[in-house]
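Asker: would you be able to build a 3D model of this:
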Amino acid sequence: MTETGPGVARGGWDDGTADHRFRVVPAAYVYLLRDAAGEARREVLLQLRRGTGFMDGHWAAAAAGHVEPGESVVAAAVREAREELDVAVGEADLVPLTVMHRGQPGGPALEQRMDVFFAATRWEGTPRRVEAAKAAAVRWFPLDALPDPVVPHERRVLEAMLAAGPGGDVPRLLTDGFGAGA
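Answerer: Numbers count the residues shown, from 1 in each chain. Alright, predicted model coming up:
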């Protein structure tokens, strides 16, 4: 029997025992990366958001989404790449880049986030736009020539990747929306 009532999510995942605790929404982002043909430049695959209600008209990770109940962030990254790009990325091919805690202090719970960013240089299949209702386009861009506009918190991660260079380290933890030092 599935319980219902305050604090109980659909499917009974939340038993209500943590109603007093702060909650964040976890999400997984996957940046597919490749070397530009004939150039010493790295390219990233981005999607142009539309019809989502969040940052529509901005470029963003071509595969990203919320972690589902009972799913690891790694499994979510693999699932999102399959659902949004029709590619198979192995868990071992996901390279953790950074974690970003972002939010609006005092804002709605939905805007308190923990985003885990991955890069992948290996996958099976040819990336393509699958969810036409949520993405107007999917396109490769050089990391040093990103389109405008890019979702602001994602631009921070992409710029950190560029600054680190190939094989370099992106800061392991970033914050966004918490005032000075964010």
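Asker: what about the residue nearest to the spatial centre of the chain, which helix or strand?
Answerer: Centroid-nearest residue in the chain, with CA atoms, centre = their mean: Tyr29, separated by 2.2 Å. Here Tyr29 sits within strand 25-35, counting by DSSP states H and E.
Asker: strands paired with that strand, and their directions?
Answerer: With DSSP bridges as the test, strand 25-35 is paired with strand 42-49 (antiparallel), strand 63-66 (antiparallel), strand 113-120 (parallel).
Asker: show me the contacts for the residue nearest to the centre of the chain.
Answerer: Ala61, Ala63, Ala64, Ala77, Asp115, Val116, Phe117, Phe118, Glu154, Val157 (CB atoms under 8 Å, 6 or more residues apart in numbering). Glycine gets a C-beta too; all of them are placed from N, C-alpha and C.
Asker: look up how far Arg155 lies from the residue lying closest to the fifth one once chain neighbours are set aside.
Answerer: In space, Asp115 comes closest to Met100 once its chain neighbours are excluded; the distance is 4.5 Å by CB to CB, 6 or more residues apart in numbering. The gap separating Met100 from Arg155 is 12 Å, by CB to CB, to the nearest Å.
Asker: looking at the two, which is more packed in?
Answerer: Legend: neighbour count by other CB atoms under 10 Å for Met100 and Arg155, higher for Met100 (23 against 16).
Asker: what's the angle from the strand or helix carrying that one to strand 113-120?
Answerer: Taking DSSP H and E as the criterion, Met100 maps to strand 95-102. Angle of strand 95-102 versus strand 113-120, following axes from the mean of the first three to the mean of the last three CA atoms, to 10 degrees, is 160 degrees.
Asker: tell me the buried residues in stretch 145-161?
Answerer: Within stretch 145-161, the residues that count as buried by 16 or more other CB atoms under 10 Å are Leu146, Val150, Val151, His153, Glu154, Arg155, Arg156, Val157, Leu158, Ala160, Met161.
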